[in-house]
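J.: Everything below, folded, please.
(one chain, ligands or ions: 1)
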Amino acid sequence: MLLWSEVRVSPMAAVCLVMALLWSCLFLFIPAVGCDFYGSCDSEIYCTGEILKQVQMTRLFDDDKHFVDMKLQKDPGEVLDAFRNLTSVSPGGSVHPAVLRDFIMEYFEPPGQEFEPWTPTDWHDGPQFLSKIADAELRSWAGKLHQLWKSLGRKIRLDVRDRPELYSLIYTPHPFIVPGGRFREIYYWDSYWVINGLLLSEMQDTAKGMIQNFLYLVDRYGFVPNGSRRYYERRSQPPFLALMVESYYQATGDEELLRNALPVLEREYEFWMSNRSLDVATEGHLNILNRYAVPVGQPRPESYSDDADLAKGLSADAQQQLYMELNSGAESGWDFSSRWYLAGPGQASLRDIGTSRIIPVDLNSVLCRVEGLLANFHRAVGDGASAGKYDKARERRLGAMETLLWDPQRGCWFDYELPSGTRRPAFYPSGLAPLWARCYSRPDMAEAALRYLEESGALLFPNGVPTSLVDSGQQWDLPNAWPPLQHMLIEGLSNMNISKAQDLAFDLAQRWIKTNWVVYKKYDAMFEKYNIDGDGQPGGGGEYEVQLGFGWTNGVALQLLDRYGDRLSGSPSLRPSISLGLFFVTLVMAM
Ligand SMILES: OC[C@H]1O[C@H](O[C@H]2O[C@H](CO)[C@@H](O)[C@H](O)[C@H]2O)[C@H](O)[C@@H](O)[C@@H]1O
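T.: Numbering: from 1, shown residues only. Purely as a prediction, here's the structure:
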């Protein structure tokens with residue numbers, strides 16, 4: 001037995017403990033994320049330190065991600081010494097921009113040096129699914145999307161494995177598909193839709209290699225980082241790894257991979273339950289749900305100047321808190337959105353971000369699905385006892401989601417805010433994620449959610465379903481529509497046993513495919529996000545230029561073309577060209 005007298009607490013830890021207790025009392029026992037804030041990683045060049053700060057705050061490059069993706073030409077110690085020498089002769093330690101530029105040119109190489117030329121070895125012409133697409137234009141376009149895997153494939157040079165200290169890229173043993181543009185590395189949740197697309201393209205080896213890379217990352221970190229860069233080392237993204245394994249297993253029946261993956265998937269699940277869960281008491285009952293919460297109290301290295309500028313004028317503590325919430329927002333994959341603003345979407349700004357105080361519907365839907373999958377995987381390998389454990393976990397989560405997130409009056413699920421203990425009533429496609437995860441107990445809930453969606457105003461836009469109904473200037477808000485959200489919504493509706501829901505699923509698939517196709521014809525490119533209004537344009541807003549390529553967009557388009565290819569048309573005449581959506585939003589805002 002451990003006695004209090006045996007517990008030794010350092011003075012710093014004691015202060016932390018008292019502050020944590022006070023904080024917890026203040027916020028209805030929400031475990032505070034901080035006290036121990038960490039850096040984004042322990043690299044003094046890529047994650048913390050004076051070089052990073054001066055390069056980013058001087059805005060040496062248009063995009064902060066450029067610098068942190070550069071390769072070192074010399075050992076980190078040598079580079080740090082050289083920089084110290086520079087600062088020692090610079091007034092106030094601040095290096096003149098021209099000198100700083102020369103220094104960077106001397107000690108770093110441009111981004112993108114980590115890869116060798118590579119074409120996926122399992123790529124071949126004419127995968128079967130193409131023949132299911134009736135519309136000739138769409139079929140030919142799908143063939144071009146299939147071609148794009150070749151330009152998005154990457155294989156890491158062995159030097160990255162052998163001299164990791166020179167790179168911010170994290171070595172992974174198998175080649176992979178990147179999103180594209182500035183996103184030159186693996187991204188966690190993007191890869192789910194990429195892998196689904198690869199499987200349709202009959203590229204099982206590449207898909208398997210990507211899953212093995214993620215298993216390797218969980219072995220190394222205990223979770224999957226946001227992306228395969230050192231500066232992403234302390235945050236994850238929506239946990240889709242078990243779903244990737246499900247897709248691959250369904251396509252191949254590869255039981256060996258399933259057996260090898262299972263303990264690693266359980267380890268990842270443990271990470272989420274130990275580090276990102278929260279107990280909310282209601283009438284003597286404990287509801288355990290998850291949230292995004294990253295204990296990093298520093299600017300994101302790849303967006304350093306944006307974060308530091310936003311924090312200007314705040315106290316040191318408030319700055320740390322803000323950085324933690326920004327990192328948590330990035331972990332959600334919705335970086336950034338008025339969805340995470342605490343004062344409510346209408347009045348607030350990014351400074352009011354409070355991601356860790358919000359229990360998100362979609363994260364809990366994903367984890368509900370993960371629990372169901374872990375149970376099924378255990379059953380598939382003959383371990384009934386472990387399967388039962390995950391069945392129970394799923395039941396518990398389902399109950400907690402229905403207690404806290406389900407709103408019987410509005411007939412949909414909503415994010416839950418702490419400490420107020422209130423649901424956040426704004427529309428987001430993520431509110432319907434339980435339909436996609438099949439994580440609800442009664443059919444009438446799905447029917448009510450369908451009615452809610454129809455009346456929300458979100459279906460009035462010609463090019464897709466918007467991320468929210470608030471135009472905040474952030475990229476995860478109106479007027480942008482994102483491929484993963486379209487896909488989850490369409491799949492959720494098509495899961496329902498109601499013809500109206502099935503029809504709507506097809507209608508939304510048709511709108512999305514038309515948008516992707518029209519924009520492709522204009523720009524000869526696929527984009528990470530699209531504008532829901534007008535005559536077909538890529539999305540915008542947020543902290544970087546819209547990117548093209550693009551991994552998950554191609555994956556979602558291929559999935560929809562596969563599923564609805566017998567009916568989809570490249571030039572449907574079904575939508576009015578003038579959107580009723582913006583009219584609706586303006587009206588609601590004016591009321
Ligand atoms: O550099 C800013 C942020 O960029 C990434 O986020 C966006 O792109 C990702 C790749 O497509 C996508 O997964 C994410 O949902 C997008 O918001 C990155 O993931 C962020 O961590 C980063 O701060």
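
J.: Nearest residue to the middle of this protein?
T.: Gly333 (2.6 Å; Cα atoms, centre = their mean).

J.: Which positions in this structure make contact with the ligand?
T.: 65, 179, 183, 187, 189-190, 226-227, 300, 302-303, 330, 333, 335, 528, 544 (Cβ under 6 Å from any ligand atom). C-beta: built from backbone N, CA, C; applies to glycine.

J.: What separation do you get for Arg267 and the ligand?
T.: 22 Å (Cβ to the nearest ligand atom, to the nearest Å).

J.: ditto for Gly539
T.: For Gly539, the distance to the ligand - Cβ to the nearest ligand atom - is 11 Å.

J.: tell me the contacts of that residue?
T.: By Cβ atoms under 8 Å, 6 or more residues apart in numbering, the contact set of Gly539 is Gln475, Pro479, Asn480, Ala481, Trp482, Phe527, Glu528, Lys529, Tyr530, Asn531, Val546.

J.: picking up where we left off before, out of the residues of the chain next to the ligand, name the ones that lie in helices.
T.: Judged by DSSP state H, the subset of the residues of the chain next to the ligand located in helices is Lys65, Asp190, Ala330.

J.: Looking at the residues you listed, spot the one nearest Asn495.
T.: Set against Asn495, the nearest of these by Cβ to Cβ is Asp190 (22.5 Å).

J.: isn't the closest one right next to Gly549, touching?
T.: No. Counting by Cβ atoms under 8 Å, Asp190 stays clear of Gly549, with 10.1 Å between them.

J.: who touches both of these two?
T.: Pro179, Phe183.

J.: Compare the two (neighbour count), which wins?
T.: Applying other Cβ atoms under 10 Å to Asp190 and Gly549 shows that Asp190 carries more neighbours, namely 26 against 21.

J.: Now do the contacts for the more buried one.
T.: By Cβ under 8 Å, 6+ apart, the neighbours of Asp190 are Pro179, Phe183, Pro484, Gly551, Trp552.

J.: Toward the C-terminus, what is the element adjacent to the helix or strand bottoming out on mean pLDDT in the chain?
T.: Across the helices and strands of the chain, mean pLDDT, DSSP states H and E gives its lowest value to helix 11-26, namely a mean of 40. As assigned by DSSP states H and E, the chain's next helix or strand after helix 11-26 is helix 50-57.

J.: helices and strands around that following helix, which ones?
T.: helix 64-68, helix 76-88, helix 97-107, helix 304-311 (3 or more Cβ pairs under 8 Å, 6 or more residues apart in numbering; DSSP states H and E).

J.: Tell me the gap between the first one and the middle of its chain.
T.: This means helix 64-68. Distance of helix 64-68 from the chain centroid (Cα atoms, centre = their mean, to the nearest Å) equals 20 Å.

J.: average pLDDT across that helix?
T.: What helix 64-68 shows for mean pLDDT is 98.

J.: What helices and strands are in contact with it?
T.: Using 3+ Cβ pairs under 8 Å, 6+ apart, helix 64-68 sits against helix 50-57, helix 304-311.

J.: which residues of the stretch 451-591 of the chain fall in helices?
T.: 483-495, 499-523, 551-564, 580-590 (DSSP state H, counting those that start in this stretch).

J.: and Arg84, which of those helices is closest to it?
T.: Comparing these by Cβ to Cβ, helix 551-564 comes nearest, at 40.1 Å.

J.: can you pull the alpha-carbon coordinates of the closest one into CSV?
T.: This file holds the C-alpha atoms of helix 551-564, laid out as CSV (Å, rounded to 0.1, in the frame of the first residue of the first chain):
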residue,chain,number,x,y,z
GLY,A,551,-4.9,12.8,-51.5
TRP,A,552,-8.2,12.6,-49.7
THR,A,553,-10.1,14.5,-52.4
ASN,A,554,-9.1,11.9,-55.0
GLY,A,555,-9.9,9.1,-52.6
VAL,A,556,-13.4,10.4,-51.9
ALA,A,557,-14.1,11.1,-55.5
LEU,A,558,-13.1,7.5,-56.5
GLN,A,559,-15.2,6.1,-53.7
LEU,A,560,-18.3,8.0,-54.9
LEU,A,561,-17.6,7.2,-58.5
ASP,A,562,-17.3,3.5,-57.5
ARG,A,563,-20.5,3.5,-55.4
TYR,A,564,-22.8,5.6,-57.6
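
J.: What distance do you get for Asn489 to Ala501?
T.: Just to correct that, residue 489 is Leu rather than Asn. Per Cβ to Cβ, to the nearest Å, Leu489 is found 11 Å from Ala501.

J.: do Gly534 as well
T.: Gly534 sits 28 Å away from Ala501, going by Cβ to Cβ.

J.: Look at these two and report which has more neighbours.
T.: Each of Gly534 and Ala501 has its neighbours counted (other Cβ under 10 Å); Ala501 has more, 19 against 14.
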